[in-house]
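Participant: Okay, sequence plus prediction incoming.
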There are 2 protein chains.
Amino acid sequence: MKVINLAEKLSTFSGHWQPRVVGQFNGHDLMVVKVKGEFVWHKHDDTDDFFLVLHGRLTIRMRDGDVTLGPGEVFVVPKGVEHCPVAEEEAHLLLIEPSGTPNTGNAETAAPRRVV
Amino acid sequence: MKVINLAEKLSTFSGHWQPRVVGQFNGHDLMVVKVKGEFVWHKHDDTDDFFLVLHGRLTIRMRDGDVTLGPGEVFVVPKGVEHCPVAEEEAHLLLIEPSGTPNTGNAETAAPRRVV
């Protein structure tokens, strides 16, 4: 029952592509993440993937075309759609996924979910 | 599969306490809303209530105490918890609730969900 200040949470770590859980909502984790460079192509068969850019710019490559988001812009990758997030410069994001979803779509290669 | 620019969506209307659906995520509506003044005390028995302040300040009164959020701050009201949102000046919010959830917790008094 605490207010979650997203910028304050982001200030507590520096690694890229390592989401931090900042809260929960209806069985989902609310996460902040810093990204830079290219992630891996992946998909989530059982969940949509929510991205909100808080700082910087993010391109989400998909097989049918790319989208690019700036601050205050949201994109939802539908479940089952292959995508590859890319950021030329560091970007900060709010992510929402069901609790326990591996960030690569594969539990073996996923980053652990850390709470801040 | 479109980028959702939250400020652009908010610029298309002016009424208060009338959420507009801007996208979907895992059976939930993503909504933007402009608020000013005091809403009604209510609760949602079946869902948490996600608030992200995009502009301005929002106080969420609860029976056990109030919280106040500014831009970039998130608060999740747990399901079943009575709350009353209040904004002295106009504030802009991102809300996430399961599709079809009445904004007052009561279908008879709820604002219709309009899509922008």
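Facilitator: Received the coordinates, thanks. Owing to the predicted nature of the structure, the values given are computational and were not obtained by experimental measurement. Numbering: from 1, shown residues only, chains lettered A, B, ... in the order given.

Participant: Quick check, pLDDT for A:Pro102.
Facilitator: Among the per-residue scores, A:Pro102 shows a pLDDT of 82.

Participant: Then A:Val115?
Facilitator: With respect to pLDDT, A:Val115 has a value of 82.

Participant: which residues in chain A form helices?
Facilitator: Taking DSSP state H, the helices of chain A run over residues A:6-10.

Participant: what does the model give the residue most central in space within it for pLDDT?
Facilitator: A centroid search over chain A (Cα atoms, centre = their mean) returns A:Leu95, at 4.1 Å, as the residue closest to the centre. pLDDT, the model's per-residue confidence, is 97 for A:Leu95.

Participant: and if you look at A:Ile4?
Facilitator: The predicted local confidence for A:Ile4 comes out at a pLDDT of 98.

Participant: now the closest residue to it other than its chain neighbours: how far from A:Glu108?
Facilitator: Here the nearest residue to A:Ile4 in space, its sequence neighbours aside, is B:Val74; by Cβ to Cβ, 6 or more residues apart in numbering or on different chains that works out to 4.2 Å. No exception for glycine: its C-beta is placed from N, CA and C like everyone else's. Taking Cβ to Cβ, to the nearest Å as the measure, B:Val74 and A:Glu108 are separated by 31 Å.

Participant: Look up the closest residue to A:Gly23, ignoring the ones flanking it.
Facilitator: Of all residues apart from its sequence neighbours, A:Leu30 sits closest to A:Gly23 (Cβ to Cβ, 6+ apart), at 4.1 Å.

Participant: ok so, going back, of B:Val74 and A:Glu108, who's got more company?
Facilitator: A direct count of neighbours by other Cβ atoms under 10 Å in any protein chain shown for B:Val74 and A:Glu108 places B:Val74 higher, at 22 against 6.

Participant: How about that one: which residues does it bridge to?
Facilitator: Here B:Val74 shows beta-bridge partners A:Ile4, B:Leu52, assigned using DSSP bridges.

Participant: which residues touch it?
Facilitator: With contact set as Cβ atoms under 8 Å, 6 or more residues apart in numbering or on different chains, B:Val74 has these partners: A:3-4, A:6, A:22-23, A:30, A:94, B:50-52.

Participant: quick revisit: give me the beta-bridge partners of the residue nearest to A:Gly23?
Facilitator: A:Leu30 has the following beta-bridge partners by DSSP bridges: A:Gly23, A:Ile96.

Participant: Correct me if wrong: it contacts A:Val22.
Facilitator: Yes - using Cβ atoms under 8 Å, A:Leu30 and A:Val22 qualify as a contacting pair, with a distance of 5.3 Å.

Participant: okay, those two: which has more neighbours?
Facilitator: With other Cβ under 10 Å as the criterion, A:Leu30 and A:Val22 differ in neighbour count, and A:Leu30 comes out ahead with 25 against 22.

Participant: per-residue confidence at that one?
Facilitator: The score at A:Leu30 is 97. That number is its pLDDT.

Participant: The nearest residue in space to A:Ala110 that is not next to it in sequence and chain B: what is the separation?
Facilitator: Closest residue in space to A:Ala110, ignoring its immediate chain neighbours: A:Pro102 at 3.2 Å, by Cβ to Cβ, 6+ apart. As judged by Cβ to the nearest Cβ, to the nearest Å, A:Pro102 and chain B stand 16 Å apart.
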